[in-house]
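# turn this into a structure:
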Amino acid sequence: MKRTPPNVARGLMVASRAHTAAVAARLALRGYDDFPFASASLLWLMDEGGTRSTVLAQRAGVTKQAMSQLVRLMERQGYLEQAPDPTDTRAKVVRMTERGEAVKTACVEVRDELNRKVAKVLGTNEAGLLESSLDAAAGLFGEIAGTNQQ
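Numbers count the residues shown, from 1 in each chain. Below you'll find the model as predicted:
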C-alpha cells in the first residue's frame, strides 16, 4: 500500500491559526482585545525615535497604502501616533505610544507563556525539535519561492 506524505501545509495553517487565536485570547485577558495581532510584527519594525510609514511598508513587504491603513487603525486604537519628522518638517514618523509599548511587552510575555506551555506538553527536547523542523521547512519554502527568508 502506497503511503501518502504528511499534509504539512494543513498542519502549518491549523497551528498558525490556533496560535494566533491563543495569543489574541491572552492579550485580551491583559486588556488588549482590540489589538490587531496579525499586524504585531509592525511593532518590531519601528526604529527607536519613530519610522516613516514608507520605510515601515518596505520593511513589512506591503504597499504604502496598506501600511497607511494599518497605521491609521492602530493610531485610532491608541497604539501608535504620528509626529513631525525631526529631519524633514514636511514628513511624519510613526512611533509607539505608551499603550503601544505596553502591548509590545505583553506580546513578549504571551509568547514566552505559550512557549513554556508547548515545552511542558511536548517536553523541552521535542519542542526544540519542533522549532528546528519549522525553521527547516521555512528555509525550504524560502528556497522554492526564491526568497530564502526565515
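
# and the spatially most central residue of the chain, what is it in contact with?
The central residue of the chain, meaning the one whose C-alpha is nearest the mean C-alpha position (Cα atoms, centre = their mean), is residue 41 at 3.2 Å. When contacts are counted by Cβ atoms under 8 Å, 6 or more residues apart in numbering, residue 41 touches residue 60. C-beta coordinates here come from the backbone N, C-alpha and C atoms, glycine included.

# tell me which element residue 83 falls in.
Assignment of secondary structure by DSSP states H and E places residue 83 within strand 80-85.

# mind listing what's buried in that strand?
Within strand 80-85, the residues that count as buried by 16 or more other Cβ atoms under 10 Å are 80, 81, 82, 85.

# listing partners with orientation, what would you give for it?
Using DSSP bridges, strand 80-85 pairs in its sheet with strand 88-96 (antiparallel).

# give me the distance from the helix or strand following the partner strand to the chain's centre.
Toward the C-terminal end, the helix or strand that comes next after strand 88-96 (DSSP H and E) is helix 98-122. Helix 98-122 sits 12 Å away from the centroid of its parent chain (Cα atoms, centre = their mean, to the nearest Å).

# do the same with stretch 64-77
15 Å.

# check stretch 17-27 too.
Here stretch 17-27 shows a centroid-to-chain-centroid distance of 12 Å under the convention Cα atoms, centre = their mean.

# quick one: the helices in this protein, in order.
Using DSSP state H, the helices of the chain run over 8-29, 42-45, 53-60, 64-76, 98-122, 124-145.

# same question for the longest one, mean pLDDT?
Read it as helix 98-122. For helix 98-122, the mean pLDDT works out to 96.
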